[in-house]
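Asks: what follows is a predicted protein model with its sequence.
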Amino acid sequence: MSLSTDDVRKIAFLARIRVPEERLEPLAGELNNIVGWVEQLAEVDTTGVQPMTSVVETVTPMRADVVNDGAISDRVLANAPDGEGAFYAVPKVVE
Amino acid sequence: MSDLRDWTIASAADALVKGDVSSVELTDAFITAMEAGRTLNAFITETPEIARDRATKSDARRKAGEARGPMDGVPIGMKDLFCTEGTRTTAGSHILENFVPAYESTVSGNLRDAGAVMLGKTNLDEFAMGSANITSYFGSVKNPWTPKGANANLVPGGSSGGSVAAISGGLVIAATGTDTGGSIRQPASFTGLVGMKPTYGRCSRWGVVAFASSLDQPGPLTRTVEDAAIMLQAMAGHDPKDSTSLPMALPDFRAACTRDAKGLRVGIPKEYTLDGMPADIQKLWDQGAQWFRDMGAEIVEVSLPHTKYALPTYYIVAPAEASSNLARYDGVRYGLRVPGSSLDEMYELTRGEGFGTEVQRRVLIGTYVLSAGYYDAYYVKAQQVRTLIAEDFRKVFADVDVLLTPTAPSAAFAEGEKMDDPIAMYLNDVFTVPASLAGLPAISVPGGLDANGLPLGLQLIAGVCQEETLFRAASALEAAAGFTARPGPVAGTAL
Amino acid sequence: MSYIIQGESGDWEVVVGLEVHAQATTNSKLFSGAPTTFGAKPNENVSLVDAAMPGMLPVINEMAIEQAVRTGLGLRAKINRTSVFERKNYFYADLPQGYQISQYLHPIVGEGVVTLDLADGSTRDVGIERLHLEQDAGKSLHDQDPKRSMIDLNRAGVVLMEIVSKPDIRTPEEAGAYLKKLRAILRYLGTCDGNMEEGSMRADVNVSVRPVGASELRTRVEVKNVNSVRFVMQAIEVEAERQVTVWEDGGEVRQETRLFDPNRGETRAMRSKEFAHDYRYFPDPDLLPVKLEEDFITRIQASLPELPDEKKDRFIADLGLSAYDAGVLVADRETAAYFEAAADGHDAKQVANWLTTNLFGALNKMGLDIAESPVSAQHLGELVGLMEDGTISGKIAKDVFGIMLETSKAPGVIVEEQGLKQITDTGAIEAIVDQVITDNPDQADNVRAGNDKAIGWFVGQVMKASGGKANPGQVNQLLKQKLLG
Ligand SMILES: [Mg+2]
Ligand SMILES: [Zn+2]
């Protein structure tokens, strides 16, 4: 399977990365090299093999339902590029 | 002390206990060295004030008889992937250039609480994605080692390149690293140092900027195996804030460094022999096996049949997880924002400008392998192969105690090499990635020099949570190798 | 109760499935220790984890798991021993991580059923497809600034149970009944407060239409975030109408997400959802699969309260209530509790009548709900008791009830204070009767002359003279004796 520049444009939008038009072509080439290379996995017989979920077998830890966080809006907002009062601000969204 | 590079954690700890030197004296000397060694570009952010403050407090504790053990007062470097409260944490990326965390990662916090003195945040490949430390937004790191008779700039390896350059250049005594596919072990091999990746889950990932969550694991970079054991003891431990942290008590790692290999069963995986592998590396590998034989260990040839699929598996799993882990860098709550007329445009411009080429490449690959129609063929397939790779190891460790392999397929190479071809670059990790995929503890120990006088490392891999066996074998290998070579000193680094 | 849309081409039926997002009742969030309280200052209920700061990691809140299992058991659903949290990847301003941690291939709860109580007293089962746990997103405010949207992450990470029905719903009424019943079950279980105004229960409505008799399903449209039972019913009506028109005009209904506009009473396509999403689900590597122990499930099973359906059956079987009354009384947890307290030791049917006719009516007028009723359950029971033992007549009881509504006093006290006790002492009644007869000789003769209808007039006079307290039976009997011998 080989990626067209159009595929790359779609993937780049999914990843929200602006790729200059002239970079699409070469990038498609690079990605195809890598994808072509990883496709060698196809030759491995994996019928009935469980996909790995965790490298070390342990039970899922769970928290008790207690409030021990929050009320730190100063720290939460400290690095915000744009904001208003205690809000983060982004370019207007139309729903 | 004539040369700062004579210091180890252990020797510094002794000197501090004996009172031969104070933490402030030690720290000032290394701050001077750090400033003199800027040509290496090993640090992204220097923190001399923090260092002096912690050194002063350490000396005070010691005076009051409240010293906290072997890390107390020891100057170290902190890979700039560990979030440090009040100190900017960049992950080597433009997108986090001005990010100042309001929290301290568990590992850096553990080291701080053990009394370690942070000199600064060390350089790394952007988001730890790289094997040469050439993808950092803050510039490449220079390897203090230079090839015999040439003065080419060599890469220090990656992604923990700043940490190893700082240690081998004598700018710090030890440093933290993180290892996703070899980012601790391969740079250690490139700089004649010890680099140790513990079992996945030994060190908390809380507060470590994530690259690939199921693979990322912090670990120590040091001059000696014993130092690695001492430092890991301080870094590791169960952390309820990390759901993948191992809920187990830690063994005494230092005590495991017995230098005794008698009766050890050491496996040599035949699949790790690559055609076209440099003769020097094959030679060192054979030498390593011989050292173990001479120490009374038993050498067993073993087979890990799925080894050749480890790298392609890694280059599906790691980018897939990274594409999702890096989605949070969107210019909304922290980090770089490039204004846009719409939300989507803001996202695209911010991430297009904030991420470097290699990071973008991996995010796109990861986005692609997870996307509709390809998920099963790539991601699920890779996770199945990963299961087979882990199975290979499990079977082998029923028979042997440790595996001996080269750490990397080459010595440090010149900047500019392998840069045009991502896959050639990825091949650096061919020997380190399998253990990462299986979550196994592994360590790189300096074995010798190649024909160009460049260091080469040997890797030891042990079973899940078998760090004690690993340190035992590593300390023995270190003793046998007796590696003492050093790069020429960085000007102004003497105490 | 079939719901048919007459089109030019013929009759159409509507096929509806509901995805309800119910906020699980927990103190802290799904993966962080931040509070879930409603109405906090912007970004006050936010932890570093909720804000997706670099290196932050999720840790599961065990109460979220417990509430999901409890709800699953309440929906008579299959509890999955192993479930997996996955990442649903998409970019949005109020989605800090760039992905929502949700459950996809392996939800914690599988197939179940909700039984609808319809207006005519009949019931109908609607299938539950699944219930899964997921994080809520934050809130975007668009009306604060002309050029910017404001982001508040207080809700980000709050525990949601997404409850997905099968496309078994055929009428707007059924959709309403489904939501009401689901809310009742959640409230009985204590797993969600069901408060739609505060957004702790939101519905996405999947609507499609097809010619009556057709078996294949047509393209469905998802109408998002309809936040009241009434709006859900309206949204279904207008969206179904719209689709019929599109089909009949020879068009194609597009698979899309639409928004219901209650002011305009119409649905419109969502701009922000224009691009087809590719969510790239994959298991969250920061979390391990959730494995449930048998005893964990049985412990929760054992702690389940009696649910509306069981209660209804018991009210009908043991208390002899009508299916309708039983349905009304169990519809909400508080009402059922009130009824059971009031009926304790008294004629349940009587209590049910007083509750559904007199008390509900009064509370409606006063705009109060049962919890705020000035008449306590015990007092209502006592009032019925006073009628049962003949202390007061039904007529007096109505007056006493009126006073109870105003004063919240116990009916016994009121009867005492106002001396409303029924007079049963024959002597006393006889005195009044004699008095009335002597006062009205002509009327008396008239009766004696054989016009016994006029006795009724005397009864009225005696009751009047006794202030309504005389026992009507005795009065009647005495008059007959005296006048007709
Ligand atoms: Mg949904
Ligand atoms: Zn949902």
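Replies: Ah, there it is. Ligands and ions are numbered 1, 2, ... in the order given.

Asks: could you pull out the helices for the stretch 151-300 of chain C?
Replies: With DSSP state H, counting those that start in this stretch, the ranges of helices along the stretch 151-300 of chain C come out as C:172-189, C:229-248, C:294-302.

Asks: so which of the ones you listed is nearest C:Q461?
Replies: helix C:172-189 (51.9 Å; C-beta to C-beta). For the C-beta atoms, the positions are set from N, CA and C on the backbone; glycine is no exception.

Asks: can you give me how far the closest one is from the chain middle?
Replies: Centroid displacement of helix C:172-189 relative to its chain, using C-alpha atoms, centre = their mean, to the nearest Å, is 6 Å.

Asks: show me what that helix is packed against.
Replies: strand C:11-23, helix C:62-74, strand C:112-117, strand C:123-135, strand C:201-211, helix C:229-248, helix C:308-319, helix C:333-343 (3 or more C-beta pairs under 8 Å, 6 or more residues apart in numbering or on different chains; DSSP states H and E).

Asks: how about B:R362: what's its closest non-neighbour residue?
Replies: Using C-beta to C-beta, 6 or more residues apart in numbering or on different chains and skipping the chain neighbours, the partner closest in space to B:R362 is B:P319 (4.3 Å).

Asks: burial count for that neighbour?
Replies: 28 (other C-beta atoms under 10 Å in any protein chain shown).

Asks: among the helices of the stretch 151-300 of chain C, which is the most enclosed?
Replies: Across those, the average number of neighbours (mean count of other C-beta atoms under 10 Å in any protein chain shown) peaks for helix C:172-189, which reaches a mean of 22.

Asks: now the angle from that one to helix C:308-319?
Replies: Angle of helix C:172-189 versus helix C:308-319, following axes from the mean of the first three to the mean of the last three C-alpha atoms, to 10 degrees, is 80 degrees.

Asks: how about the contacts made by the residue of chain B most remote from its centre?
Replies: The centre of chain B is farthest from one residue, B:S341, which by C-alpha atoms, centre = their mean lies 41.2 Å away. The neighbours of B:S341, taking C-beta atoms under 8 Å, 6 or more residues apart in numbering or on different chains as the test, are A:P91.

Asks: ok, B:M235 touching B:R112?
Replies: No - contact criterion C-beta atoms under 8 Å: B:M235 and B:R112 do not qualify, at 10.9 Å.

Asks: in the helix or strand containing B:D53, what's buried?
Replies: Assigned by DSSP states H and E, B:D53 falls within helix B:48-63. Neighbour counts over helix B:48-63 (16 or more other C-beta atoms under 10 Å in any protein chain shown) mark B:P48, B:I50, B:A51, B:R52, B:R54, B:A55, B:T56, B:K57, B:S58, B:D59, B:R61, B:R62 as buried.

Asks: near chain A, which residues of the stretch 51-200 of chain C show up?
Replies: C:51, C:59-65, C:84, C:91, C:93, C:140-142, C:144-153 (C-beta under 8 Å from any C-beta of the partner chain).

Asks: mind checking which of those are in strands?
Replies: C:I60, C:N61, C:S140, C:L141, C:R148, C:S149, C:M150, C:I151, C:D152 (DSSP state E).

Asks: which residues does the closest residue to chain A within the stretch 201-350 of chain C contact?
Replies: Per C-beta to the nearest C-beta, C:L288 is where the stretch 201-350 of chain C lies closest to chain A, at 4.4 Å. C:L288 makes contact with A:T53, A:S54, A:T58, A:V59, A:T60, B:S243, B:T244 under the criterion C-beta under 8 Å, 6+ apart.

Asks: any idea how far C:E241 is from it?
Replies: Per C-beta to C-beta, to the nearest Å, C:L288 is found 48 Å from C:E241.

Asks: over to C:R210?
Replies: Counting by C-beta to C-beta - C:R210 and C:E241 are separated by 14 Å.

Asks: could you list the low-pLDDT ranges of the stretch 201-350 of chain C?
Replies: Along the stretch 201-350 of chain C, segments meeting pLDDT under 70 span C:271-276.

Asks: would you mind listing what in it touches chain B?
Replies: C:D278, C:R280, C:Y281, C:F282, C:P285, C:D286, C:L287, C:L288.

Asks: and with 7 Å instead?
Replies: Residues of the stretch 201-350 of chain C lying near chain B by C-beta under 7 Å from any C-beta of the partner chain: C:D278, C:R280, C:F282, C:P285, C:D286, C:L287, C:L288.

Asks: among those, which are in strands?
Replies: C:F282.

Asks: ok, of the residues of the stretch 201-350 of chain C next to chain B, which one's closest to B:L284?
Replies: B:L284 has its nearest neighbour among these in C:P285, at 35.1 Å by C-beta to C-beta.

Asks: still on that earlier bit, pull the most distant pair out of the residues of the stretch 201-350 of chain C next to chain B.
Replies: Longest span within those, C-beta to C-beta: C:D278 and C:L288, 26.0 Å.
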